[in-house]
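Peer 1: sequence first, then the predicted structure:
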Amino acid sequence: APLQVVLDFEGYMNVYADALGNPMVGGSQECVDLIQAAHEDIAELLMGDGHGDGDGDGSPGGMDDLMYVAELFNICNGTDALEEEKNVKSFLGDGLVFFDVQGNDPACQGDLCNIQ
C-alpha cells in the first residue's frame, strides 16, 4: 500500500491532546488546557526577539527570555541552540512534556492500559 509521508503532522498532536483529555485514561480537559497554555507561554518567549528584560513577560529577574527557557528545560547548548529557528520549531513541535499516550503495559489488568 502507498505510504503518505507528512513532515508537519499536526493531526497527530490533536490525537495526542484527545488522549490527554480522556478521563478513561486519567486525562482531563484541565490537563489539556494547562499544557496548551504552557506551550503558548513558552512560544511567546521564544518567538519574540528572545532577549526580553523580565518585566512580566515570563522570564524572572531580568533574565533574558532565551536564557530563561534554556535553563528551565536544560537545553543542550543553551541559548545558542535557541538562536536557531529550526531548533525552536523542533523544541516546540515535539512538545514540552512527554506522556506515553501510545504505551501499553502488559502487567496492567485495566481496560485501556493493556491492549492485547
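Peer 2: Okay, I see it.
Peer 1: for stretch 94-104, give the mean pLDDT please.
Peer 2: Averaged across stretch 94-104, pLDDT comes to 75.
Peer 1: now do that stretch: distance to the chain's middle.
Peer 2: The chain centroid and the centroid of stretch 94-104 are separated by 9 Å under Cα atoms, centre = their mean, to the nearest Å.
Peer 1: same check on stretch 99-112?
Peer 2: Remark: stretch 99-112 is offset 21 Å from the chain centroid, using Cα atoms, centre = their mean.
Peer 1: next one: stretch 93-101
Peer 2: Distance of stretch 93-101 from the chain centroid (Cα atoms, centre = their mean) equals 5 Å.
Peer 1: what's that stretch in contact with?
Peer 2: With contacts defined as Cβ atoms under 8 Å, 6 or more residues apart in numbering, stretch 93-101 is touched by 8, 13, 16, 19-20, 25, 35, 38-39, 42, 73. To be clear about C-beta, it is placed using only N, CA and C from the backbone, and glycine gets the same treatment.
Peer 1: next: stretch 26-34.
Peer 2: By Cβ under 8 Å, 6+ apart, stretch 26-34 touches 17, 19-21.
Peer 1: now do 10 Å
Peer 2: Applying Cβ atoms under 10 Å, 6 or more residues apart in numbering, the set of residues contacting stretch 26-34 from outside is 16-23, 97, 99, 101, 112-113.
Peer 1: give me the mean pLDDT for that stretch.
Peer 2: Stretch 26-34 shows a mean pLDDT of 90.
Peer 1: check which residues of it are buried.
Peer 2: The neighbour-count check on stretch 26-34 (16 or more other Cβ atoms under 10 Å) flags 27, 31-32 as buried.
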